[in-house]
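>>> got a structure for you, letters missing:
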């Protein structure tokens, strides 16, 4: 290989690495200074690893979600709650390092995962049912939950499969503050 070609690839790889570091740093700053619910799609640096797995359309996962939410007939609130109930009865929380992540198929196979991996699976199930959902992780509490926003609703659900619990909040409310500082009741 020519010397100029090697230099080109070295520079290209360096620029890609710098871009990835910049994006993850900006996501972290947004989560810390603006707040997790106000930052953009990545929500925090920890969500960067989940992004590629949790937000993909997957027909096998859609089939699983359809089986979990039988009887809901398109009611998004029903789908959110039925999938939550099914997973909360099936999955067991396992404490792992905060910077690790299992993909959705590993979680289904093992039936045990940490907060990020459980939330990633839940979000993927909802996304494959056409429901707006994302993983929201908080650096301060070193914890991740799933957020589900039914179409046309003026509220959202915060789902924590490690406890397990599901809570409903009005849009604009900070679920981290309300949950950890002024604990609200379950649905």
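Yes, it's here. None of these values were measured; they are calculated from a predicted model.
>>> and the residue lying closest to residue 93 once chain neighbours are set aside, what element?
Nearest residue to residue 93, sequence neighbours excluded (CB to CB, 6 or more residues apart in numbering): residue 162, at 4.2 Å. No exception for glycine: its C-beta is placed from N, CA and C like everyone else's. Element membership for residue 162, per DSSP states H and E: none, as it lies in no helix or strand.
>>> how near is residue 162 to residue 96?
Separation of residue 162 from residue 96 (CB to CB, to the nearest Å): 11 Å.
>>> list the contacts of the residue nearest to residue 93.
The contact partners of residue 162, by CB atoms under 8 Å, 6 or more residues apart in numbering, come to 93, 114-115, 118, 143.
>>> let's see which of the residues you listed end up in helices.
115, 118 (DSSP state H).
>>> buried ones only from the contacts of residue 162, please, as a ChimeraX command.
In ChimeraX syntax, the buried subset of the contacts of residue 162 is picked out as below (16 or more other CB atoms under 10 Å):
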select :114,115,118,143
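>>> residue 175: which of the contacts of residue 162 is nearest?
residue 143 (11.4 Å; CB to CB).
>>> and the closest one, what are its bridge partners?
Residue 143 has these beta-bridge partners by DSSP bridges: residue 138.
>>> report how many residues lie close to residue 101.
As a burial measure, residue 101 scores 22 neighbours (other CB atoms under 10 Å).
>>> list the buried residues of stretch 87-97.
Neighbour-count burial for stretch 87-97 [16+ other CB under 10 Å]: 87-88, 91.
>>> ok, now how distant is residue 151 from residue 144?
Distance of residue 151 to residue 144, computed by CB to CB: 24 Å.
>>> who has more neighbours, these two?
residue 144 (27 against 10).
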